[in-house]
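*Asks:* need coordinates for the following:
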Amino acid sequence: MPRPRRPNRPWADLQPDLLAIVLLNLTCLADRVYFSAVCRPWRSAAVGRDAPARQLPWLLLPSPAAPSFFSLHSGATRRLYLPQNVRGARLCGSHEGGWVALALEQWRGYAAVNLVSGAMVPLPDRLRTNQPNLHGNNACEHHMVIRSVTFSDAPSKAGCLAAAHVSSAFNIAFWRPGMDRYWIAYGLPMDVIQDMIYYKNELKEGFHVLSNTEDVVVYTPNGGPTSAPLVMSRSSYRVQKRADYKPDNLLHKSLKLSRYLVESRGKLLMVLRQLKWRRTFRFRIFELNLEIAPGGGSEASWVEIHTLPGRLLLLGRGCSRAFEMSHFNRLDVGNIYYLDDTRSNISFALNSGSKHSSTDMGVDAQKILNRTDRTWRFPQQFTSECSPPIWFAP
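*Replies:* Purely as a prediction, here's the structure:
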């Protein structure tokens, strides 16, 4: 009996020079993985080729059944294969190198997980304060629900610090490796927290926390060995109110403001997101301007900048990032990609039957005429049983 003929696969006979050109135009790491899986000649063409030096984060679209991600490089949405116990988790933070912070059981079972290597660092689900309670106890522990987490470094490193925006007796807490039982909180609770970032300038280094009054508080670890208890000190900038500032409670009932912190070119930016009837209609960008007096004092103010020359912004609670477009091809300069994180209701985390519905996410394109297909393909809405989307940096 004659052996069945092998199917004709003309793509396997493409010349190596042509394959090299195709590979050169694949700037997304995932696309290069798919390229190598086509056939042996394609895999051989990819061997020894350097991966793109820089990658934009992926938009992670969580789902217990079929998690996926959207690539800004290619404009494609692809499946993402995750461990079973991670698929149904609520995502609440991310860090470069493949790290995400998550709640395995929505409001507990916190951990930092590397989705690339599979490494996992457990995080506590209790908060400890140094404020006495009604019974006079100086060290009190409280249950808490984490809203978002920001890391100073990879969670697996000994020098890493983490800040969490929480719902508990306090609204901000801190952790470092080795703290297995609880997070710690010091001082008085802040005003309504809008966003936080680990940032360093000529005056301060630490977790910069932005409030709804547009003030910035900085939390810095006190010196000492990592084996000693973690102690955080608190300072702030003397921020002058911008000329058109208006407290949130004086805005018209149809309007809402949401604020983000982003580091760009060594400067701290505040991105003001304006919503009307729960739909985003405008962004404004401000840079923290520091004026240092000869005697050591300083004044700070938010100075508005009207363009983003050569830059692109990705907005997300605790994980916003700015990128130089000179490092990437075929992406629009000045665009702001944003997620639907302005209506976060912590009751979703406490009710495992609730769905996370994202209906106000998209792209604010400053150059309308230069929009590309990749811009139009960015998800405009998304619904998940476990978590809203998040930026993921593999």
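*Asks:* does the residue nearest the centre of the chain belong to a helix, a strand or coil?
*Replies:* Residue closest to the average C-alpha location in the chain (C-alpha atoms, centre = their mean): C319, at 2.1 Å. State at C319, reduced to three classes by DSSP: H, G, I helix; E, B strand; the rest coil: coil.
*Asks:* per-residue pLDDT, it?
*Replies:* Listed pLDDT for C319 reads 92.
*Asks:* would you mind listing the residues in contact with it?
*Replies:* Counting by C-beta atoms under 8 Å, 6 or more residues apart in numbering, C319 touches G93, S94, H95, S148, T150, I390, W391. In this view, the C-beta of every residue, glycine as well, is placed from N, C-alpha and C.
*Asks:* how many residues are close by the fifth one?
*Replies:* Residues lying near T150 (other C-beta atoms under 10 Å) number 25.
*Asks:* from memory it sits against G93, does it?
*Replies:* Yes - taking contacts as C-beta atoms under 8 Å, T150 lies within contact range of G93: 6.3 Å.
*Asks:* find the residues that touch each one of these two.
*Replies:* With C-beta under 8 Å, 6+ apart as the test, T150 and G93 both reach G318, C319.
*Asks:* max-length strand in this structure?
*Replies:* Looking across the chain with DSSP state E, the single longest strand is strand 279-292.
*Asks:* let me see the mean pLDDT of that one.
*Replies:* Mean predicted lDDT for strand 279-292 stands at 93.
*Asks:* swap in stretch 102-113?
*Replies:* Rounded mean pLDDT across stretch 102-113 is 92.
*Asks:* re the thing from before, just the buried ones from the contacts of C319?
*Replies:* Neighbour-count burial (16 or more other C-beta atoms under 10 Å) applied to the contacts of C319 gives G93, S94, H95, S148, T150, I390, W391.
*Asks:* specify which member of the residues you listed is nearest to P57.
*Replies:* P57 lies nearest to W391 out of the buried ones among the contacts of C319, by C-beta to C-beta, at 4.3 Å.
*Asks:* beta-bridge partners for that closest one, please?
*Replies:* Judged by DSSP bridges, the bridge partners of W391 are L59.
*Asks:* could you tell me how far the helix or strand hosting R78 lies from the centre of the chain?
*Replies:* Using DSSP states H and E, R78 falls within strand 77-79. Remark: strand 77-79 is offset 19 Å from the chain centroid, using C-alpha atoms, centre = their mean, to the nearest Å.
*Asks:* now do it, average pLDDT.
*Replies:* For strand 77-79, the mean per-residue pLDDT is 89.
*Asks:* buried ones in that strand?
*Replies:* Within strand 77-79, the residues that count as buried by 16+ other C-beta under 10 Å are T77, R78.
*Asks:* likewise stretch 245-258?
*Replies:* Per 16+ other C-beta under 10 Å, stretch 245-258 contains these buried residues: K256, L257, S258.
*Asks:* then it to PDB, C-alphas only?
*Replies:* Only the C-alpha atoms of stretch 245-258 are listed here, as PDB (Å, rounded to 0.1, in the frame of the first residue of the first chain):
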ATOM      1  CA  TYR A 245      -7.900  73.300  40.900                       C
ATOM      2  CA  LYS A 246     -11.300  72.500  42.300                       C
ATOM      3  CA  PRO A 247     -12.000  69.900  45.000                       C
ATOM      4  CA  ASP A 248     -13.700  66.800  43.700                       C
ATOM      5  CA  ASN A 249     -16.700  67.300  46.000                       C
ATOM      6  CA  LEU A 250     -17.400  70.700  44.300                       C
ATOM      7  CA  LEU A 251     -17.600  69.300  40.800                       C
ATOM      8  CA  HIS A 252     -20.900  68.900  38.900                       C
ATOM      9  CA  LYS A 253     -22.500  65.500  39.600                       C
ATOM     10  CA  SER A 254     -21.900  64.400  36.000                       C
ATOM     11  CA  LEU A 255     -18.200  65.000  36.300                       C
ATOM     12  CA  LYS A 256     -15.500  62.900  37.900                       C
ATOM     13  CA  LEU A 257     -11.700  63.100  38.000                       C
ATOM     14  CA  SER A 258      -9.200  60.300  38.300                       C
END
